[in-house]
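Participant: A predicted structure for the sequence below; I have some questions about it.
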Amino acid sequence: MIDVSVLSDSIKKWKGDALLVAMHEEDCPKCPVAPPYDEAVKVLVERKDFKGKKGSVVKVPLLEGNVKNLYLLGLGKAEESTPAALRDALTDALRKIGRERNESALILPGHKKSAPETDVILGEAIGLCGYSFEKYKKKEEEDGNGNGKKFVLKKIFIHEADTKKTALGQIFSDAQCFARDLANEPGNVVNPETLAQIAAGFAEEHGLTCEVWDEKKLELEKMGALLAVGRGSESQPRLIHLTYVPKGKAKKKVVFVGKGITFDSGGLDLKPSDFMKTMKGDKSGACNVLGILKGVAALKPKTEVHGVIAAAENMPGGRAFRPDDIIRARNGKTIEIDNTDAEGRLVLADALSFASELKPDAIIDMATLTGACAVALGSWAAGLFTMDEKLCEALLASAKQRGERLWRLPMDDEKIGETLKSKFADLVNGASRYGGAIFAAMFLNEFVEKGIPWAHLDIAGADFMKEDSGVYARGASAWGVRTCLDYLLTL
Ligand code: BES
Ligand code: MN
Ligand code: ZN
């Protein structure tokens, strides 16, 4: 974690590598920077080398004085700026600074009027700017000048900020980075068994309890859907249950459920190669759950928080489940398999029954569930499905606060609901491609006990990023971790 402290001395006396000045367009002529840096800024603005345009960054190497490089970051027009845009702009600028061999930076508060919550946002940006997944690379990447792109920023000073709030932002981001690290691991490293070991080690480290059910226990516990999906793999499925209990009486109990398909080949309904690539990311929901618990361990909310992960690898081995198979889920319902690639809803079926048995005040599941959701919403929003208006409102509000776009999709479609029925069993796991994300959500609904507020987040599409951009880094995004932590703090 980058070390953050408040600058008590004058700017003039600060010695370090980079000075970051964030400015709105209209502030440029007024030049909000104190001497001795105001001169350089004035010249740049006069020459129109810096206009404060949204997201623009100008680097000015300084040949003398206490600071090596001055960075100007444009925030656009104040009235048009949003908290999300500010967070992205700050993250991008800090990422650039960290990769340009600056080990320390001072951030000046030109961004103050962008949003009421700027200190938390700044903390989030500080927590996310250095993220990259490079543990398997021998050599660091280089920029156009042959310089290393390694991120070296270690110490940040801020001027007039509330470090309690920046620390909160850093906790949110740290939880998200932890989830990303895990989700970015390939399928040959993280399988259901190793995921369970990682979860157990993580729980011990953070004072949480962790119970793992192996295939024998899953059999005894009648988790027929999770077992069916995992059967075709050498690494057998696991149900992982983590618990955080607050000191004193808990105000509420919330269960987070994650889809933990450590690799989704499609099973016997094998995916074409273009679609199989990136399916190591099909455990993102599960990794998010671990990330949330990491945040919970640091924030210590008054709410009891459970994490339930259904971990399996969907492979076409000799023992694999087949199309036409009829399986029995934990809650007794039978399911006809139409397509072995619709495996996420099966593992979640048993996990949601288990979560319901905990009698919580709310259940939130996260899953890279359907390509249909990715097609509908693209890579920059996750689908929200819920019949509970209060939970819906709370999650949408938290998502807005944290800049993780959530978009509500319907799940009260009677006609789609009719297609859940199978001719040979209670339910069927797939249907027409039309309305695929809605069908999947309505299928899950069959396994949640009525009366428990429940929301399903389909994070397919938003879970994986091609390139670094704003708060996102190439690879897993851990979309939803900050939103869920924010939500917990509102309870
Ligand atoms: N894991 C996939 C969904 C997915 C697709 C996630 C793209 C991320 C990016 C899921 O298990 C799946 O294969 N769903 C099928 C369901 C279909 C067979 C009914 C799909 O969406 O095509
Ligand atoms: Mn699948
Ligand atoms: Zn899947």
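Facilitator: That came through, no problem. Ligands and ions are numbered 1, 2, ... in the order given.
Participant: What is the subsequent helix or strand relative to the lowest-mean-pLDDT helix or strand in the chain?
Facilitator: Counting by mean pLDDT, DSSP states H and E, the chain has its least confident helix or strand at helix 38-46, which shows a mean of 87. Going down the chain from helix 38-46, the next helix or strand is strand 57-61, by DSSP states H and E.
Participant: Can you get me a residue count around the residue of the stretch 201-350 of the chain found nearest ligand 2?
Facilitator: Nearest to ligand 2 in the stretch 201-350 of the chain, going by CB to the ion, is Asp341, at a distance of 3.9 Å. C-beta coordinates here come from the backbone N, C-alpha and C atoms, glycine included. Residues near Asp341, counting by other CB atoms under 10 Å, number 20.
Participant: Could you pull up phi and psi at the closest residue to it other than its chain neighbours?
Facilitator: Among residues not flanking Asp341 along the chain, Gly266 sits closest, at 4.0 Å (CB to CB, 6 or more residues apart in numbering). Torsion angles at Gly266 (phi, psi; degrees, to the nearest 10) stand at phi 100, psi -20.
Participant: How much space separates Gly266 from Pro323?
Facilitator: 11 Å (CB to CB, to the nearest Å).
Participant: pretty sure His241 belongs to a strand, no?
Facilitator: Yes: assessed by DSSP: H, G, I helix; E, B strand; the rest coil, His241 belongs to a strand.
Participant: pLDDT score for the spatially closest residue to it that is not a sequence neighbour?
Facilitator: If the residues on either side of it in the chain are set aside, His241 comes closest to Glu211, at 4.6 Å by CB to CB, 6+ apart. Glu211 is assigned 98 on the pLDDT scale.
Participant: Would you confirm that Glu211 belongs to a helix?
Facilitator: No: checked against three-state DSSP, Glu211 lies outside a helix; its state is strand.
Participant: That one reaches Lys217, doesn't it?
Facilitator: No: counting by CB atoms under 8 Å, Glu211 does not reach Lys217; the two are 9.4 Å apart.
Participant: touching ligand 1 at all, the longest helix anywhere in the chain?
Facilitator: Selection of the longest helix in the chain by residue count, based on DSSP state H, yields helix 163-184. No: Helix 163-184 stays out of contact with ligand 1 when judged by CB under 6 Å from any ligand atom, the minimum separation being 11.8 Å.
Participant: Now do the buried residues in that helix.
Facilitator: 165-184 (16 or more other CB atoms under 10 Å).
Participant: show me what contacts Ala200?
Facilitator: Applying CB atoms under 8 Å, 6 or more residues apart in numbering, we find Ala200 in contact with Cys210, Val212.
Participant: repeat that with 6 Å
Facilitator: Cys210 (CB atoms under 6 Å, 6 or more residues apart in numbering).
Participant: does it count as helix, strand or coil?
Facilitator: helix.
Participant: Name the residue of the stretch 301-450 of the chain that lies nearest to ligand 1.
Facilitator: Gly371 (3.3 Å; CB to the nearest ligand atom).
Participant: residues near the residue in the chain that ligand 3 sits nearest to, how many?
Facilitator: Closest to ligand 3 within the chain is Asp264: 3.7 Å, counting by CB to the ion. By other CB under 10 Å, 26 other residues sit near Asp264.
Participant: what is it paired to in the beta sheet?
Facilitator: Asp264 forms beta bridges with Asn314, as assigned by DSSP bridges.
Participant: Let me know whether it touches Lys277 as I believe.
Facilitator: No: applying CB atoms under 6 Å as the test, Asp264 and Lys277 come out as separate, 11.0 Å apart.
Participant: Contacts only, for the residue of the stretch 101-250 of the chain found nearest ligand 1.
Facilitator: Among all residues of the stretch 101-250 of the chain, Val229 sits closest to ligand 1, at 9.7 Å; criterion: CB to the nearest ligand atom. Residues in contact with Val229, defined by CB under 6 Å, 6+ apart, are Ala312, Asn314, Glu343, Leu346, Val347.
Participant: Contact residues of the stretch 251-400 of the chain facing ligand 1?
Facilitator: So the stretch 251-400 of the chain meets ligand 1 at Asp264, Asp282, Asn339, Asp341, Ala342, Glu343, Gly344, Thr368, Thr370, Gly371, Ala372, Ala374 (CB under 6 Å from any ligand atom).
Participant: let's see 5 Å
Facilitator: Proximity of the stretch 251-400 of the chain to ligand 1, by CB under 5 Å from any ligand atom, involves residues Asp264, Asp282, Asn339, Asp341, Ala342, Gly344, Thr368, Thr370, Gly371.
Participant: Please produce TSV containing these, extended by secondary structure.
Facilitator: TSV is the format used below for these (three-state DSSP):
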residue	secondary structure
Asp264	strand
Asp282	helix
Asn339	coil
Asp341	coil
Ala342	coil
Gly344	helix
Thr368	coil
Thr370	coil
Gly371	helix
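Participant: Residue ranges of each domain in this structure, please.
Facilitator: The chain breaks down by automatic domain parsing into domains covering 3-160, 171-489.
Participant: Could you identify which of these is most buried?
Facilitator: domain 171-489 (a mean of 21; mean count of other CB atoms under 10 Å).
Participant: So Gln170 sits against Glu124, correct?
Facilitator: No: look at Gln170 against Glu124 with CB under 6 Å: they stay out of range, at 7.5 Å.
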